[in-house]
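S.K.: this is a predicted model, with the sequence first.
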Amino acid sequence: MTYCVGMLMDRGLVLMSDTRTNSGVDNISVFKKMHCWSVPGERIIGIMTAGNLATTQRVVSLLEERQKAKPDRHPTLLEAPTMFDVAQQVGILLRDTIELRPDGGTSRVNFGATIIVAGQIKGGDPRVFMVYPEGNFIEATIDTPFFQIGEAKYGRPILVRGYDRAMSFEEAIKLVMVSFDSTIAANLSVGLPLDLLVMEKDNFVPLHERRILASDPYYQSISRTWGEAMRDALVSLPAYTLDGHQPG
């Protein structure tokens with residue numbers, strides 16, 4: 001399992017993914033789930049993947065191969081006229097990869113995967129899509145401004161309560177880090193390192209990208225401070241009494 005968040009904001013896009021892949025508690029590995037392509041001044045595209053690792057690696061490898069511009073490797077992400085077309089390309093590759101499952105559909109192995117596609121192409125706005133195993137997809141809107149894939153349930157309440165479309169990138173990163181910290185604390189299938197990518201509107205190169213390790217001082221501070229704040233908030237809530245007379 002994994003956890004990825006793609007967030008649409010007035011200023012641009014914030015993406016974060018974990019890197020943990022596990023096949024049981026005794027087989028845990030680190031694999032990159034976030035990939036980015038950019039043409040300065042023209043486009044920037046990022047994808048994050050969750051699900052069967054063989055499926056997602058094949059999709060990413062095919063996208064990479066197409067960027068080599070060989071005559072028989074079209075269309076490519078660098079040729080797509082809109083982000084809608086990018087999402088459509090990724091959806092077709094994902095669907096076709098799942099349909100080509102090596103077991104012929106006879107085993108119980110789940111070859112499914114979900115992908116977040118985010119970015120901007122010159123002439124259009126920053127956009128975020130969530131691509132399903134069937135190849136279809138939905139787009140983030142004002143009403144649904146962020147997508148999560150993978151182990152989403154533990155970190156979602158943080159995003160729902162804290163998200164503000166007009167917040168700064170710094171505030172958004174802090175919010176997403178708390179969401180990931182809450183998820184990591186609750187589920188062993190999600191873990192550090194984390195990959196972070198910030199795309200500023202109309203700036204077609206990554207504004208900020210980094211890998212966050214378990215030893216990262218800022219992440220440790222966020223985790224410790226958030227835990228303390230949660231305990232303080234619990235103590236400050238009205239007390240429950242056993243005599244049936246509750247405070248108003």
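M.R.: On my side now, so go ahead. All of these numbers come straight from a predicted model, not from anything done at the bench.
S.K.: adjacent strands (with direction) for the helix or strand where residue 21 lies?
M.R.: If you go by DSSP states H and E, residue 21 is part of strand 20-22. Next to strand 20-22 in the sheet, as set by DSSP bridges, lie strand 28-30 (antiparallel).
S.K.: any buried residues in the worst-scoring helix or strand of the chain on mean pLDDT, and which?
M.R.: Confidence across the helices and strands of the chain bottoms out at strand 20-22, with a mean of 87, counting by mean pLDDT, DSSP states H and E. Within strand 20-22, the residues scored as buried using 16 or more other Cβ atoms under 10 Å are 20-21. Using the backbone N, CA and C atoms, a C-beta is placed for each residue, glycine as well.
S.K.: what do you get for stretch 17-31?
M.R.: Residues of stretch 17-31 classed as buried: 17-21 (neighbour count, 16+ other Cβ under 10 Å).
S.K.: name the residues that touch that stretch?
M.R.: Outside stretch 17-31, the residues that touch it by Cβ atoms under 8 Å, 6 or more residues apart in numbering are 1-5, 32-34, 48, 53, 57, 150, 180, 184, 188-195.
S.K.: check stretch 152-168 too.
M.R.: Applying Cβ under 8 Å, 6+ apart, the external contacts of stretch 152-168 come out as 3, 5, 7-11, 142, 145-146, 148, 171, 175-176, 178-180, 182-183, 185-187.
S.K.: do me a favour and average the pLDDT over it.
M.R.: Averaging pLDDT along stretch 152-168 yields 97.
S.K.: isn't residue 132 right up against residue 116?
M.R.: No. Counting by Cβ atoms under 8 Å, residue 132 does not reach residue 116; the two are 11.1 Å apart.
S.K.: residue contacts, residue 201?
M.R.: For residue 201, the contact set (Cβ under 8 Å, 6+ apart) comprises 10-12, 120, 125-126.
S.K.: switch to 7 Å and redo it
M.R.: The contact partners of residue 201, taken as Cβ atoms under 7 Å, 6 or more residues apart in numbering, are 11-12, 120, 126.
S.K.: ok, now residue 111?
M.R.: By Cβ under 7 Å, 6+ apart, the contact list for residue 111 reads 52, 55, 98, 101.
S.K.: could you export the residues you listed as TSV, including distance to residue 162?
M.R.: Output for the contacts of residue 111, formatted as TSV (distance: Cβ to Cβ, whole Å):
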residue	distance to residue 162
52	31
55	32
98	34
101	39
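S.K.: which stretches of the chain form strands?
M.R.: Using DSSP state E, the strands of the chain run over 3-8, 12-18, 20-22, 28-30, 34-39, 43-51, 113-121, 127-131, 137-139, 146-150, 194-200, 208-212.
S.K.: what about dumping the CA coordinates of the helix ranked longest in the chain to PDB?
M.R.: Counting residues, the longest helix found in the chain (DSSP state H) is helix 217-236. Extracted C-alpha coordinates of helix 217-236, given in PDB (Å, rounded to 0.1, in the frame of the first residue of the first chain):
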ATOM      1  CA  PRO A 217      14.400  17.900  11.600                       C
ATOM      2  CA  TYR A 218      11.400  19.700  10.200                       C
ATOM      3  CA  TYR A 219       9.300  16.600   9.800                       C
ATOM      4  CA  GLN A 220      10.300  15.400  13.300                       C
ATOM      5  CA  SER A 221       9.200  18.800  14.700                       C
ATOM      6  CA  ILE A 222       5.900  18.600  12.900                       C
ATOM      7  CA  SER A 223       5.300  15.000  14.200                       C
ATOM      8  CA  ARG A 224       6.200  15.800  17.800                       C
ATOM      9  CA  THR A 225       4.400  19.200  17.900                       C
ATOM     10  CA  TRP A 226       1.200  17.800  16.300                       C
ATOM     11  CA  GLY A 227       1.100  14.900  18.800                       C
ATOM     12  CA  GLU A 228       1.500  17.300  21.700                       C
ATOM     13  CA  ALA A 229      -1.200  19.700  20.300                       C
ATOM     14  CA  MET A 230      -3.700  16.800  19.900                       C
ATOM     15  CA  ARG A 231      -3.100  15.800  23.600                       C
ATOM     16  CA  ASP A 232      -3.500  19.400  24.700                       C
ATOM     17  CA  ALA A 233      -6.700  19.800  22.700                       C
ATOM     18  CA  LEU A 234      -8.200  16.600  24.200                       C
ATOM     19  CA  VAL A 235      -7.400  17.900  27.700                       C
ATOM     20  CA  SER A 236      -9.000  21.200  27.000                       C
END
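S.K.: appreciated, that's everything.
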